[in-house]
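>>> next comes the sequence, and after it the predicted model I'd like to discuss.
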Amino acid sequence: MAQDLRSYIELVKRNQPEDFLTVPKEIDPAFEITAVVAKLEREAKRRPVLLFQSVKGTKFPVLTNLHASRSRLALAMNVAAGETQRAYLRALEKPIPPKAVSTGPVKEVVLAGDRVNLYDFPQIIHHEGDVGPYVTAAITFAKDPTNGSWNCSYNRLMIKGRDTTSIHLTTGKHLWELQRRAESLGQALPVAFAVGVHPAIALGALAVGAFDEDERAIMGALLGEPLEIVKCVTSEVLVPAHAEIVIEAEILPGQRISEGPFGEFTGYSLGERKREVVKVKAITHRVGAIFQDISVGHLEHLLLSTIPIEANLHRAVRAVVPSVRAVRVPAPFTCFVSVEQHASGQAKNAILAVLGADLYMKRVVVVDHDVDIFNDREVNWALATRCQPDRDVFVISNTRGSDLDPSTREDGYTAKWGIDATAKPSLGAYASRIRIPAQVWRRINLKDFFP
């Protein structure tokens, strides 16, 4: 499979031509790009890939909304839309290690020293209240300074100067841990940010697993071949050889800088905090590079992370409840789980597995396997008819969660709750659901009554 963004764009054009729109009209990167995405989504009920060819103040075209369709993400994984979770689970189970190459298209243009200028990039401001321009599609590649293991993740970057950004690191997440280890040694942490990649690479970067699990190998499994990686110009960090742009940098020890407010995936704009400082040492990119943006807080942002999160949570629940049927993440910090209970207490075990597997999860609802968790009406029906709050709802106080949750009193310090909405004592012993006889259902043909 081709590993570059451009080949994937051509694949979308061939297979889903109505899903790709080119915009030749000049657009202001302050608010207007996000406004077009939001208007198409809300008013036209469309979620196409958008390529803005003429962006005010920059030579770089902007690509956004790439991940706003499950069918497009499935296309990137070379599976049917309904098979994405199974395909991701296979990638987790059978990773393919990356392959180092001597060079790649991302090295076609090399800018270092005084030639580094982040203001040459599109200065995209997404929402009213955002303090300034952000890079939202940056995938961080970093190596553990103590044991050499690798980590990949998405981290937002606020442009603070020609060669300086802040970076948002979630407390307790893997990159945060790597930065703290380097800082304890008095060292900067070398990092590189890939902007503009094949969606299989993006999906792999969002894998949630053990600390030593190499996301690059999951990217390879999703691609169906080893991810080709190349060494940075200014460090030993290895990055995707076919990326559009790579920003080579380091996170400085002992330095913090103001960051935010910024509107996030929760749908809220959160205020100013002190964040770590990134110093950029070089920028490499393809000739005619495309600058990729993620429409933060809109469907693209939510859907891209959902597939990896659901697969990881399915894996975690399956370890304690092998009869798990399905896992869904319908909203921020929320998980629905369907299980076929073979022993009492398995629903609560599933809840605990989810809360333990993902730092961000805050609310977990478990239902029986006869409830379709992809139908909110059915989940609400189970909550209303199979759950007694004093018996089936429990709260865990004083745990780490997301520092992007506006309801917390202290950043990332939260309570979590689980709801057992399964039938008690068992589904088989519970009141029967209303049903139309199966033979009647099969016999009735609406065309006989409404020709």
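In hand now; what should we look at? Numbering: from 1, shown residues only.

>>> neighbours around E378, how many?
By the measure other CB atoms under 10 Å, the count of residues near E378 is 16. Glycine gets a C-beta too; all of them are placed from N, C-alpha and C.

>>> in the stretch 51-200 of the chain, which spans are strands?
Secondary structure of the stretch 51-200 of the chain (DSSP state E, counting those that start in this stretch): strands at 62-64, 99-100, 109-112, 134-135, 139-143, 150-154, 157-161, 164-167, 189-195.

>>> columns distance to R442 on top of these, output as a markdown table?
As requested, those are exported to a markdown table (distance: least, CB to CB, whole Å):
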| stretch | distance to R442 |
| --- | --- |
| strand 62-64 | 47 |
| strand 99-100 | 53 |
| strand 109-112 | 64 |
| strand 134-135 | 55 |
| strand 139-143 | 50 |
| strand 150-154 | 48 |
| strand 157-161 | 57 |
| strand 164-167 | 58 |
| strand 189-195 | 53 |
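
>>> do you know which of those strands lies nearest V379?
The closest of those to V379 is strand 150-154. By CB to CB, the value is 28.4 Å.

>>> sorry, back to before: closest one to V321 among the strands of the stretch 51-200 of the chain?
Nearest of those (CB to CB): strand 150-154, 28.2 Å.

>>> among the helices and strands of this structure, which has the poorest mean pLDDT?
For the chain, counting by mean pLDDT, DSSP states H and E, strand 269-270 ranks last in confidence among helices and strands (a mean of 78).

>>> what strands flank that one, and is each parallel or antiparallel?
Partners of strand 269-270 in the sheet, by DSSP bridges, are strand 262-263 (antiparallel).

>>> max-length strand in the chain?
Counting residues, the longest strand in the chain under DSSP state E turns out to be strand 245-259.

>>> any chance of a markdown table for the strands of the stretch 51-200 of the chain, columns distance to E128 and mean neighbour count?
Below are those laid out as a markdown table (distance: least, CB to CB, whole Å; neighbours: other CB atoms under 10 Å):
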| stretch | distance to E128 | mean neighbour count |
| --- | --- | --- |
| strand 62-64 | 18 | 23 |
| strand 99-100 | 44 | 12 |
| strand 109-112 | 33 | 15 |
| strand 134-135 | 14 | 26 |
| strand 139-143 | 27 | 24 |
| strand 150-154 | 23 | 21 |
| strand 157-161 | 16 | 19 |
| strand 164-167 | 20 | 23 |
| strand 189-195 | 24 | 25 |
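
>>> now render those strands as a markdown table, adding mean pLDDT and distance to D120.
Listed next are the strands of the stretch 51-200 of the chain as a markdown table, based on pLDDT from 0 to 100; distance: least, CB to CB, whole Å:
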| stretch | mean pLDDT | distance to D120 |
| --- | --- | --- |
| strand 62-64 | 98 | 13 |
| strand 99-100 | 96 | 29 |
| strand 109-112 | 96 | 9 |
| strand 134-135 | 96 | 12 |
| strand 139-143 | 96 | 20 |
| strand 150-154 | 94 | 22 |
| strand 157-161 | 96 | 11 |
| strand 164-167 | 96 | 14 |
| strand 189-195 | 98 | 13 |
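
>>> check which residues of the longest strand of the chain are buried.
245-253, 257, 259 (16 or more other CB atoms under 10 Å).

>>> angle of it against strand 189-195?
120 degrees (axes from the mean of the first three to the mean of the last three CA atoms, to 10 degrees).

>>> who does strand 245-259 touch, helix- and strand-wise?
strand 164-167, helix 174-184, strand 189-195, strand 273-285 (3 or more CB pairs under 8 Å, 6 or more residues apart in numbering; DSSP states H and E).

>>> so which of the buried residues of strand 245-259 sits lowest on pLDDT?
Of all the buried residues of strand 245-259, E259 has the smallest pLDDT value, namely 91.

>>> quick one: residues contacting that one.
131, 158, 166, 168, 272-275 (CB atoms under 8 Å, 6 or more residues apart in numbering).

>>> any idea what it is bridged to?
Bridge pairing for E259 - DSSP bridges - gives R273.

>>> shouldn't V195 be in contact with I245?
Yes: using CB atoms under 8 Å, V195 and I245 qualify as a contacting pair, with a distance of 4.3 Å.

>>> ok, A326 - how many residues close by?
18.

>>> gap between the residue nearest to it when sequence neighbours are not counted and V366?
Counting by CB to CB, 6 or more residues apart in numbering, A326 lies nearest to S338, which is 4.5 Å off, once chain neighbours are set aside. Counting by CB to CB, to the nearest Å, the gap from S338 to V366 is 8 Å.
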